[in-house]
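**Q** any chance you could fold what I've pasted below:
(2 chains)
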There are 2 protein chains.
Amino acid sequence: MTRVKIDTSRFKSDFDSLATIGATNDGGVHRPALGPDHLKARQWFTQRAQRDGLTVNVDSAGNHSAVLLFPEAEKALLLGSHLDSVPYGGKYDGALGVVAALEVLSAIKASGRSLGVNLEAVDFTDEEGTLVGALGSEAMAGELTPERLCNLRCSREEFVEALKRGDLKEESLFQARRNPDTLAGYLELHIEQGPWLHDNRIDIGVVTSIVGSRSFRISFNGRPDHAGTTPMTNRADAGLGACAFNLALNDIVVKQFHDCVATVGGMEFKPGAFNIIPGQASLCLEFRSRDKDSLEKLKAGVINLANDVARHRGLDVSLEEVAVWDPVHMSPDIQRIINTSASNLGLSTASIASAAGHDAQSFAPIIPTGMIFIPSIGGISHSPQEFSKWRDCVNGAKVLLNATLAAAESLRG
Amino acid sequence: MTRVKIDTSRFKSDFDSLATIGATNDGGVHRPALGPDHLKARQWFTQRAQRDGLTVNVDSAGNHSAVLLFPEAEKALLLGSHLDSVPYGGKYDGALGVVAALEVLSAIKASGRSLGVNLEAVDFTDEEGTLVGALGSEAMAGELTPERLCNLRCSREEFVEALKRGDLKEESLFQARRNPDTLAGYLELHIEQGPWLHDNRIDIGVVTSIVGSRSFRISFNGRPDHAGTTPMTNRADAGLGACAFNLALNDIVVKQFHDCVATVGGMEFKPGAFNIIPGQASLCLEFRSRDKDSLEKLKAGVINLANDVARHRGLDVSLEEVAVWDPVHMSPDIQRIINTSASNLGLSTASIASAAGHDAQSFAPIIPTGMIFIPSIGGISHSPQEFSKWRDCVNGAKVLLNATLAAAESLRG
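**A** Sure thing, here's the model as predicted:
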């Protein structure tokens, strides 16, 4: 049988060429979902796939699939990740998994080998949540609900504009659902985005589970008075409420919720002028845990705290839950396959839980799903300083290739 | 001699018609300086002035003057205020003073009376500080400096765009300076913007001084890491720094600076996503006092606090002072004239210090300057809920008229 091999120079040149799209001066990329540079990255995806003779399908949620079909195959094994980025993020998050998936398909096609499952390298829409979060993978997995589209991470106007730019229709997003019986499994290569693998000198992380998360938009409402004429003791300053909430929540999580992380990532005061006391202060809160019970307990804590702060400061408060992701577990069979594939390449492995969300979490409840992590230097991610050694990226692609070949054997219909 | 009288129905109809420009659903107005609706308000000003036969001059800082000249007069007595508003502000702040000034000129012109000073009803550019703050009055008084234009309250791009919309050139702003020898004095009618006159059932406030203020833009800088994978104890969260600063400063001012007020009116986290720890958090701070020493002491406290918070949380911090206004005093002669004018009308008066800044502060250091306050219900201002009784507005216009006639006698060159 022909030996199948990653073409490391093709892989490198593809990765570098993608990283120029939406590149920022500091070495990162800015490709929010369905923004101009994300759409350019998708054009790049199509041209890259067609260059090596792969067919490209785009579904009604905008997911781009490069497809490699085999005569004896019925089901599809998905190799996915995403080309969108957080605002001013890094060039590895998502992009590495998509470029590696394309490379795996090109390598297998070039080898002439025939598999028992069809292969798809997929770029999912809006993994990072500029709009909804894991929008494309949830749509394909059949987990997207109309309710999710009522709780956007952006304004409705921005959502409508983004869909228009991506040539998508809101009501058609749900039609991207694929029958799980037609899907053999899901594999994803990703950077760890934490420091653990690098600190422990492990080459490959075999993901066991993905954390769950809850996201809230919280608004404190006071009175927008004149900043000069209103006495300090006669104010309803919404900004002070939002700040007090942020500090107190951080304290509570550090002291009482050791298996959770919580972040206020955005804050806005309105009207937002030097000389007006903020009448409204809204913030974006996200918290995560591997443990569903902890998530529920922390959610109750968040609601209590927001109400306490508001009452104490004479403000009103409103909470809107904008995303709910429960923790999910990776398939033990796929974990074994990834572990063996890495070991056969002489790479060290360790089991690891993912503290970040991924498109894999959309598929884990319905088909055999697994993830491969490579080390992130310093654990920095969602930042232009995000960095992984190229050697580790190549290791990841090799493990993805071998795991794909092994999973194709094990998962054929 | 013909009796000169405010035409109360003309005054009301002018006030109401102006209030429709940039009107918001909640009864306020949104007319940031040189924005579309502010420019519409200036068109209204020109048409209103010309309707009653007043000439309109526009200087190189965009200040609009309706002019009434007299054969024997040499100097000009300015009756000013502003048509711009804070974002989503009220319809009395600034507008009342301009409409009343126009009414005073129309009333005097209609009476046929000749004065010893020329009169100008002036709408000054950008009193509220969308761009710079008191830009037009400082330019006319010769107090605008190039340094002020380096410390904008908006981005440089927004400033350039705004000047372009207003048909103004940055380098020509300084040419709006008027020789103080050609100016007889300055009078301004304004709402109090505080609760004191109304709470004490006083009809007319005779302003003794205007508070000084300092404005800073403060940025805390940390590290924009992944909100899921970065442990709570290994973060440099700039947002927590900005929040801690806001709360601690509020505490310090309430406890230690009884003659000051301080407000964080704006706050922004960057990159500003649910799933990224804020790498940068910037805030807009303003503080005011009647006492220059208190301002300097509080400024030192602000700098210390910002550095303490940054050090304590492993952040960097930068402070940029964007405006410096020292406290100023009104002319004792003009205070006497206002007091007598009000008393002659049977109105109760009281001396009052202004806790808000006004265009009058630009002229107080160079020419005899005075301000007339009328009550603000509940002291609410810079808000759509800003409200003054119409009877008080009419009282204010009558006092402005009589004070103008008296000042014209007293100040003729």
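**Q** ranges for the strands of the stretch 301-413 of chain A?
**A** For the stretch 301-413 of chain A, the strands defined by DSSP state E, counting those that start in this stretch occupy A:316-325, A:328-329, A:349-354, A:369-374.
**Q** so which elements touch the third one?
**A** Okay, so that is strand A:349-354. If contacts are counted by 3 or more CB pairs under 8 Å, 6 or more residues apart in numbering or on different chains; DSSP states H and E, strand A:349-354 sits against helix A:196-199, strand A:204-210, helix A:332-344, strand A:369-374. (C-beta placed from N, C-alpha, C; glycine too.)
**Q** now with 7 Å?
**A** Applying 3 or more CB pairs under 7 Å, 6 or more residues apart in numbering or on different chains; DSSP states H and E, one finds that strand A:349-354 contacts strand A:204-210, helix A:332-344.
**Q** what lies in contact with it?
**A** When contacts are defined by CB atoms under 7 Å, 6 or more residues apart in numbering or on different chains, strand A:349-354 is touched by residues A:196-197, A:200, A:202-211, A:290, A:339, A:342-343, A:371, A:373.
**Q** now, which of those lie close to chain B?
**A** A:Val211 (CB under 7 Å from any CB of the partner chain).
**Q** which residues sit in contact with A:Ala61?
**A** A:Ala61 makes contact with A:Thr125, A:Leu135, A:Gly136, A:Ala139, A:Met140, A:Leu168, A:Leu173, A:Ala176 under the criterion CB under 7 Å, 6+ apart.
**Q** that older thread, can you redo the helices and strands packed on strand A:349-354 as TSV with mean neighbour count and mean pLDDT?
**A** Below are the helices and strands packed on strand A:349-354 laid out as TSV (neighbours: other CB atoms under 10 Å in any protein chain shown; pLDDT from 0 to 100):
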stretch	mean neighbour count	mean pLDDT
strand A:204-210	23	97
helix A:332-344	19	98
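**Q** turn these into CSV, columns for distance to B:Trp390.
**A** Shown next, in CSV, are the helices and strands packed on strand A:349-354 (distance: least, CB to CB, whole Å):
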stretch, distance to B:Trp390
strand A:204-210, 64
helix A:332-344, 76
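**Q** show me the shaky parts of the stretch 101-250 of chain A.
**A** For the stretch 101-250 of chain A, no stretch is flagged by pLDDT under 70.
**Q** which parts of it are strands?
**A** In the stretch 101-250 of chain A, the segments counted as strands under DSSP E, counting those that start in this stretch are A:118-123, A:183-191, A:204-210, A:212-221.
**Q** could you export those as TSV, including distance to A:Lys5?
**A** What follows is those, written out as TSV (distance: least, CB to CB, whole Å):
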stretch	distance to A:Lys5
strand A:118-123	16
strand A:183-191	17
strand A:204-210	18
strand A:212-221	38
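**Q** nearest to B:Lys270, of those?
**A** Nearest of these to B:Lys270, taken as CB to CB: strand A:212-221 at 17.7 Å.
**Q** which residues are contacting the closest one?
**A** Strand A:212-221 has contacts (CB under 7 Å, 6+ apart) with A:238, A:241-242, A:279-289, A:292, A:295, A:299, A:302, A:306, A:310, A:315-327, A:357, B:274.
**Q** can you tell me the closest non-neighbouring residue to A:Ala121?
**A** Closest residue to A:Ala121 apart from its sequence neighbours, by CB to CB, 6 or more residues apart in numbering or on different chains: A:Ala101 at 3.5 Å.
**Q** tally of neighbours for the one you found?
**A** Using other CB atoms under 10 Å in any protein chain shown, A:Ala101 has 28 neighbouring residues.
**Q** what sits against it?
**A** Neighbour list for A:Ala101: A:Leu79, A:Gly80, A:Ser81, A:Ala121 [criterion: CB under 7 Å, 6+ apart].
**Q** ok, A:Arg148 next?
**A** Going by CB under 7 Å, 6+ apart, A:Arg148 touches A:Val132.
**Q** and for the one 5 residues further on?
**A** A:Arg153 makes contacts with A:Gly129, A:Thr130, A:Leu131, A:Val132, A:Gly133, A:Val322, B:Phe274, as judged by CB under 7 Å, 6+ apart.
**Q** can I get those residues in CSV including distance to A:Asp16?
**A** Formatted as CSV, these follow (distance: CB to CB, whole Å):
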residue, distance to A:Asp16
A:Gly129, 27
A:Thr130, 24
A:Leu131, 28
A:Val132, 30
A:Gly133, 28
A:Val322, 35
B:Phe274, 30
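**Q** show me which pair in those residues is furthest apart.
**A** Within those, A:Thr130 and A:Val322 form the most distant pair, 12.6 Å apart (CB to CB).
**Q** between those two, which has more neighbouring residues?
**A** A:Thr130 (26 against 22).
**Q** measure that one to A:His82 for me?
**A** Separation of A:Thr130 from A:His82 (CB to CB, to the nearest Å) stands at 11 Å.
**Q** swap in A:Cys284?
**A** Going from A:Cys284 to A:His82 by CB to CB gives 20 Å.
**Q** near chain B, which residues of the stretch 251-400 of chain A are found?
**A** Residues of the stretch 251-400 of chain A lying close to chain B by CB under 7 Å from any CB are A:253-254, A:261, A:263-269, A:271-278, A:284, A:286, A:288, A:355-357, A:379-383.
**Q** out of the residues you listed, which are inside helices?
**A** Counting by DSSP state H, those place A:Val253, A:Val254 in helices.
**Q** just the buried residues of the residues of the stretch 251-400 of chain A next to chain B.
**A** By neighbour count, with 16 or more other CB atoms under 10 Å in any protein chain shown, these hold A:253, A:261, A:263-269, A:271-278, A:284, A:286, A:288, A:355-357, A:379-383 as buried.
**Q** follow-up on the earlier one: which among the helices and strands packed on strand A:349-354 is found nearest to A:Ala49?
**A** Taking CB to CB, helix A:332-344 is the member of these nearest to A:Ala49, at 23.8 Å.
**Q** chain center to that closest one, what's the gap?
**A** Averaging C-alpha positions (CA atoms, centre = their mean, to the nearest Å) puts helix A:332-344 23 Å from its chain's average.
**Q** helices of chain A, start to end?
**A** Using DSSP H, the helices of chain A run over A:8-19, A:36-51, A:95-111, A:135-141, A:156-165, A:196-199, A:238-256, A:292-312, A:332-344, A:360-363, A:390-411.
**Q** and these, which is most packed in?
**A** The highest mean neighbour count among these, using mean count of other CB atoms under 10 Å in any protein chain shown, belongs to helix A:135-141: a mean of 29.
**Q** quick one on the thing from earlier: chain B versus the residue nearest to A:Ala121, what's the distance?
**A** Per CB to the nearest CB, to the nearest Å, A:Ala101 is found 22 Å from chain B.
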